[in-house]
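1. any chance you could fold what I've pasted below:
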Amino acid sequence: MPVAQGNCPSCGAEVRFGLGSSLSVICSYCNATVVRTDRGLSNLGKVAAIAETPSLIAVGDQGSLAGRPFEVLGRLQLDYGLGPWDEYYVAFDHGAAWGWLAYAQGRWHVTSAVPGVPLPAYGELRLEQDVALGQLGEFRIAEINQARVRSAEGELPGADPPGTVFYYADCYGRNDQFATLDYEDGKRAPTLYSGYVFAEDQLRVTALGPRSTHRVKTTHLQCPNCGGEVPKLSGDRAERLGCPYCGAVSDITERRVIAQQERLLQMPDVPVGGRGRFDDQEYLCLAYLRRSSQFDSERYTWEEYLLFAESVGYRWLIKDPETGWSLASAVSPADLELRLAPGRVGLGTRSYRLRNENTVRVDYVLGEVYWKCAVGETVLSRDYISGNRGLSREQTRNEVNWSSWAPVEWAVVASAFDLQLDGPGSRWPGPISGGGADFDEIAPGQAGKAVMLLVILVVMIFLGALQGGGVFVSAGSGLRGGGVYFGGK
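-> The predicted model follows:
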């Protein structure tokens, strides 16, 4: 039977294993990876110092997730090239079971190993591929990636030294199911980890584990470029900061400048740090972004506000210069009907038709964002439309994300955030309406041509009236639904 405690082979300090499934423990004195076997303890080598990543929990904490008690035993720090993130090794039900806990995009992902389920080869995987996972049902792949072990602390179920590369695919199922296909280093048999996605308000934590002085004391974030103290809005959730004083974008974990940009001279319509209540939720505005895409020879720009509420996670409030305001939220890829994609997709009882496909770029960042955001980063975007609602699909090389949006009146936004009804946000057209699922749309780059055509038609009507010719122009000419839709995200 493997030993449950002993002395570190590197420095002699006492080490303990709290869970029978744990294979290694990181010595808290010398950072050596101590592995236990039937013959005793061995030293696998030292790990690098743990990076102080944003995190709501720490090794040693206890709590409950959706009513299920847990204790945080260890942390594995991984990096896929843009900076580290954490996955926590936890004991559930007072040591009766174990699993992994991770925080991403405002929600918690919890998984446990499921043995005996055959998995496809890693090289056969494709984004948005449907994969049958035995009795768990069918899941849809949202990310295919690889990550390098950067560091670790506490207990771990495996013994993988820093530098080890893991290959994995994250998948989503119906009813908030989540799964990771873990191909480890590609040399061992893959393992299935399955579980669920939980809203943050289902987590209860008692902070028993040690916190660094950096994480304990800070109510502000310091810009590494100008030294300005920026009030911390999202606690330990954000990855990047756009400084309101100098405009620099910095990585919060590594405290280094990622990009330089000009200081924003004009205040956003919705203030970063402002609180607003609508849809029975109180939201905190964390960030302001400008994004754009190229249509023909024109660059089309819009604004996005990142909102957060603990019970629902993140939402996006979008200000579009041609369609007005809308509110967007993430959609699980498993909830989409993709058999007719890319031309059509379905969500619920609605069918959405492809409106445009383009490359979208981040042009400006102010405030705190939850991903490794960089000015100039791009995604391949597809926008779908159904009446006055829409879906957006954004893809990088390794990942696909979907969101749905619906119009919201500026009066609702202004009332929620206590803003002037006749303020700058009211100066753009309101949300689109009507049209049904099958009306034709005019792409943003064609909006100027459409306006010119309307002007010509009005002149023709006027001249015809003067001449008594009774010129008739059909409002439905070439358009089903009787409306012209300009632009959009």
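2. so, low pLDDT: which residues of the stretch 151-300 of the chain?
-> Counting by pLDDT under 70, the stretch 151-300 of the chain has low-confidence residues at 212-218.
3. now do 50
-> For the stretch 151-300 of the chain, the stretches flagged by pLDDT under 50 are 213, 216.
4. G423 and D269 touch, don't they?
-> Yes. Using Cβ atoms under 8 Å, G423 makes contact with D269 at a distance of 6.6 Å. Every C-beta, even on glycine, is put in place using the N, C-alpha and C of the backbone.
5. the more surrounded of those two?
-> Ranked by neighbour count (other Cβ atoms under 10 Å), G423 and D269 place D269 first, with 23 against 13.
6. excluding chain neighbours, give the residue nearest to the more buried one in space.
-> G425 (3.9 Å; Cβ to Cβ, 6 or more residues apart in numbering).
7. what's the burial count for the nearest residue to E229 once chain neighbours are set aside?
-> Nearest residue to E229, sequence neighbours excluded (Cβ to Cβ, 6+ apart): H220, at 4.3 Å. Neighbour count for H220, taken as other Cβ under 10 Å: 11.
8. do the one 4 residues further on as well
-> Here the neighbour count serves as a burial measure; for P224 (other Cβ under 10 Å) it reads 18.
9. kindly provide the distance from it to I252.
-> 10 Å (Cβ to Cβ, to the nearest Å).
10. what do you get for C11?
-> 32 Å.
11. please apply the same query to T53.
-> For T53 relative to I252 (Cβ to Cβ), the value is 9 Å.
12. compare neighbour counts for those two and give me the winner.
-> Using other Cβ under 10 Å, the more surrounded residue of T53 and I252 is I252, with 23 against 18.
13. could you find the closest non-adjacent residue to N43?
-> P9 (4.1 Å).
14. enumerate every residue touching the residue most central in space within the chain.
-> With distances taken as Cα atoms, centre = their mean, the residue of the chain nearest its centroid is Q105 (4.0 Å). Residues counted as contacts of Q105 (Cβ atoms under 8 Å, 6 or more residues apart in numbering) are 313-314, 330, 370-371.
15. how about 7 Å then?
-> 313-314, 330, 370 (Cβ atoms under 7 Å, 6 or more residues apart in numbering).
16. same deal with V59?
-> Contacts of V59 by Cβ under 7 Å, 6+ apart are 72-75, 153-154, 209.
17. and for G274?
-> 285, 417.
18. now swap in E254 and tell me
-> With Cβ under 7 Å, 6+ apart, E254 has these contacts: G83.
19. could you redo the last one with a cut-off of 8 Å?
-> 51, 83.
20. in a helix, it, correct?
-> No. Under DSSP: H, G, I helix; E, B strand; the rest coil, E254 sits outside any helix and is assigned coil.
21. begin at 8 from here
-> Noted, 8 is the first residue going forward, which turns the last one into E261.
22. ok, R262 touching C230?
-> No. With contact defined as Cβ under 8 Å, R262 does not reach C230; the gap is 9.4 Å.
23. so between those two, which is more surrounded?
-> C230 (22 against 14).
24. quick revisit: which one of the contacts of V66 is nearest to R133?
-> Lowest distance from R133 to the contacts of V66 (Cβ to Cβ) belongs to R82, with 31.4 Å.
25. tell me which element the closest one falls in.
-> strand 75-86 (DSSP states H and E).
26. and that strand, what does it pack onto?
-> strand 69-72, strand 91-99, strand 104-111, strand 145-163 (3 or more Cβ pairs under 8 Å, 6 or more residues apart in numbering; DSSP states H and E).
27. any idea how many residues pack against S299?
-> By other Cβ under 10 Å, neighbour count at S299 equals 17.
28. ok, G249 next?
-> Using other Cβ under 10 Å: G249 sits among 27 other residues.
29. distance of it relative to C230?
-> Taking Cβ to Cβ, one finds G249 at 9 Å from C230.
30. so I64 touches Y95, yeah?
-> Yes. Between I64 and Y95 there is a contact under Cβ under 8 Å: 6.3 Å.
31. give me the common contacts of the two.
-> 79, 108.
32. hey, what's T187 bridged with?
-> Under DSSP bridges, the beta-bridge partners of T187 are D177, Y200.
33. coming back round to it: which residues do G249 and C230 both contact?
-> A255.
34. surely Y203 and V117 touch.
-> Yes. Judged on Cβ under 8 Å, Y203 makes contact with V117 at a distance of 6.2 Å.
35. which one's more surrounded, these two?
-> Between Y203 and V117, counting by other Cβ under 10 Å, V117 is the more crowded of the two (23 against 18).
36. measure the more buried one to L163 for me?
-> For V117, the distance to L163 - Cβ to Cβ - is 17 Å.
37. how many neighbouring residues does S333 have?
-> The burial count for S333: 23, using other Cβ under 10 Å.
38. how close does it get to N232?
-> On the measure of Cβ to Cβ, S333 and N232 end up 33 Å apart.
39. touching both of Y203 and V117, which residues are there?
-> Contacts common to Y203 and V117, judged by Cβ under 8 Å, 6+ apart, are F185.
40. sorry, back to before: now the helices and strands packed on strand 75-86 in JSON lines, with distance to R244?
-> Conversion of those to JSON lines gives the following (distance: least, Cβ to Cβ, whole Å):
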{"stretch": "strand 69-72", "distance to R244": "17"}
{"stretch": "strand 91-99", "distance to R244": "12"}
{"stretch": "strand 104-111", "distance to R244": "8"}
{"stretch": "strand 145-163", "distance to R244": "20"}
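41. can you lay out the ones you listed as JSON lines showing mean neighbour count and distance to G130?
-> Shown next, in JSON lines, are those (neighbours: other Cβ atoms under 10 Å; distance: least, Cβ to Cβ, whole Å):
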{"stretch": "strand 69-72", "mean neighbour count": "18", "distance to G130": "34"}
{"stretch": "strand 91-99", "mean neighbour count": "22", "distance to G130": "24"}
{"stretch": "strand 104-111", "mean neighbour count": "19", "distance to G130": "24"}
{"stretch": "strand 145-163", "mean neighbour count": "20", "distance to G130": "10"}
